[in-house]
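> Model the following, please.
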Amino acid sequence: MDFSTTQIVILLMVGLMAGALSGFVGVGGGIIIVPAMIYFMNMNQMQAQGISLALLMLPVGVLGVVNYYKAGHIQFSYVLLMAVGFIVGNYFGSKYAMRVPEHKIKFFFSVLMLYVAVQMLWKSGSKWMSEFL
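Numbering: from 1, shown residues only. Sure, this is the predicted structure:
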């Protein structure tokens with residue numbers, strides 16, 4: 001698959017941010033990768049979930065990845081580019097986390113989850129409600 005420079009930068013940055021958050025607060029896949037793939041790479045929910053699982057495949061999600069792959073929802077070229085950023089981000093995120101007090105990490109993590117939840121509720125909820133109106 002041919003990538004534009006913009007796509008390469010987006011995929012590397014998503015991997016970097018997800019890796020940094022994974023190293024910093026122990027998350028990254030669903031909270032960062034799925035929304036980023038939907039909003040920045042114009043994927044649907046199933047494709048984004050497949051990409052997220054494929055990135056985190058071994059050993060956590062190998063069975064889920066097989067199902068998403070069989071359904072055609074995984075582009076491994078995206079996974080490989082994001083993995084580069086994820087590895088680098090995870091290293092630096094975990095290094096930084098060792099210097100930050102736990103209560104600050106918990107606060108950051110909870111704010112991040114709340115923000116992502118509100119965004120997803122707003123976007124999916126408004127579409128769902130429009131079906132009833």
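
> so where's this structure shaky on pLDDT?
In the predicted model, the chain carries pLDDT under 70 at residues 1, 26, 28-29, 58-61.

> can you tell me which residue is nearest the centre of it?
Geometric centre of the chain, nearest residue: Ile33, 1.2 Å, by CA atoms, centre = their mean.

> Next up, the contacts around that residue.
Each residue near Ile33 by CB atoms under 8 Å, 6 or more residues apart in numbering is listed here: 14, 18, 48, 51-52, 55, 82. For every residue, glycine as well, the C-beta is placed using N, CA and C.

> just Val14 next, same as before
Counted by CB under 8 Å, 6+ apart, Val14 has contacts 32-33, 36-37, 40, 82, 85.

> Now render the residues you listed as a markdown table, adding distance to Ser126 and secondary structure.
Listed next are these as a markdown table, based on distance: CB to CB, whole Å; DSSP: H, G, I helix; E, B strand; the rest coil:
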| residue | distance to Ser126 | secondary structure |
| --- | --- | --- |
| Ile32 | 22 | helix |
| Ile33 | 23 | helix |
| Ala36 | 20 | helix |
| Met37 | 20 | helix |
| Phe40 | 20 | helix |
| Met82 | 28 | helix |
| Gly85 | 31 | helix |
